[in-house]
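Sequence below, structure please.
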Amino acid sequence: MTQQWTDIPIATDPTHAPAGVTGGHYVRVTPTIHGLMTVWTAGPNRSFRVHVPIEDRDPIRVTYTNPKTGLREGHLEPFTQQDQEGIEESIDSGLREAGIPDIPSGYDWYVLAPAHIADGAALNNAMREKNSTTDSLRAARIIDDLYNALVAGS
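Numbering: from 1, shown residues only. Model prediction:
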C-alpha cells in the first residue's frame, strides 16, 4: 500500500505525540514544500499533525511601499481561509512535482528530531543542503537522505 497523508496520526496537542508514533523530541516543520517533504519522509511513525482552525492562526504581516513617502510600511491582518489556501496550493504544487499527493488542509505538521533541533528553522538549517536544487523530485531525494541521517545520528 502506498503512503497517504491520512496515515499521519492526528494529535490534539502538539506537546503530546499520539500513540503509535516513535517517542522523542518533535518539532513543527515550516509550512513550505521542503517542510512537508520532510514530513512525508518521516512517515506515520515519526510524524504527526495537529488541526489548527483558521481563527487560531497567528496574524500575518502585510507590507507595502507607501506611495507618498516611498517607505516600506506594514501592519498585521488576521490569517484567512484565502491565506491558508494560497500557502497550501504553493506547497501542493511542489509536492505534485515530486510525486507526493496534496496535503490535507488546516494542519500543523511535526516530525521527530534530535534534541538539539529546537524548531522548524533549526531543522531547515540542519538540512540546508536541500536548497541546492530547484527540482522538486531531486529535493525530495535529498531531504530523504538528510532527514534519515539526521535522525539516525541523534
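
mind listing the helices for this structure?
33-42, 81-97, 120-126, 136-152 (DSSP state H).

Redo those as CSV? Include mean neighbour count and distance to Thr12.
No exception for glycine: its C-beta is placed from N, CA and C like everyone else's. Listed next are those as CSV, based on neighbours: other Cβ atoms under 10 Å; distance: least, Cβ to Cβ, whole Å:
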stretch, mean neighbour count, distance to Thr12
helix 33-42, 24, 18
helix 81-97, 14, 20
helix 120-126, 16, 20
helix 136-152, 17, 24
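
Who are the contact partners of Ala98?
Contacts here follow Cβ atoms under 8 Å, 6 or more residues apart in numbering; on that basis Ala98 touches 37, 136-137, 139-140.

Name the spans of this protein whose pLDDT lies under the cut-off.
Scanning the chain with the threshold set as pLDDT under 70 gives 1, 154.

Next one: the residue located most distally from the centre of the chain from Arg128, what distance?
Taking Cα atoms, centre = their mean, the residue of the chain most remote from its mean C-alpha position is Lys68, at 38.1 Å. Noted for Lys68: a distance of 40 Å to Arg128, by Cβ to Cβ, to the nearest Å.

and what of Gly70?
Distance check for Gly70 against Arg128: by Cβ to Cβ, it reads 35 Å.

More neighbours: which of those two?
Between Gly70 and Arg128, counted using other Cβ atoms under 10 Å, the more crowded position is Arg128 (10 against 7).

mind checking how far that one is from Arg141?
Distance check for Arg128 against Arg141: by Cβ to Cβ, it reads 16 Å.

and what of Asn66?
Between Asn66 and Arg141 the computed distance is 45 Å (Cβ to Cβ).

residues in contact with the closest residue to Ala19 other than its chain neighbours?
Counting by Cβ to Cβ, 6 or more residues apart in numbering, Pro9 is the residue found nearest to Ala19 once chain neighbours are left out, at 7.7 Å. Residues counted as contacts of Pro9 (Cβ under 8 Å, 6+ apart) are 17-21, 44, 48-49.

what's the most distant pair in these?
Using Cβ to Cβ, the pair of the contacts of Pro9 lying farthest apart is Ala19 and Arg49, separated by 14.4 Å.

quick one, which of the two is more surrounded?
Counting neighbours by other Cβ under 10 Å for Ala19 and for Arg49 shows that Arg49 has the greater number, 22 against 7.
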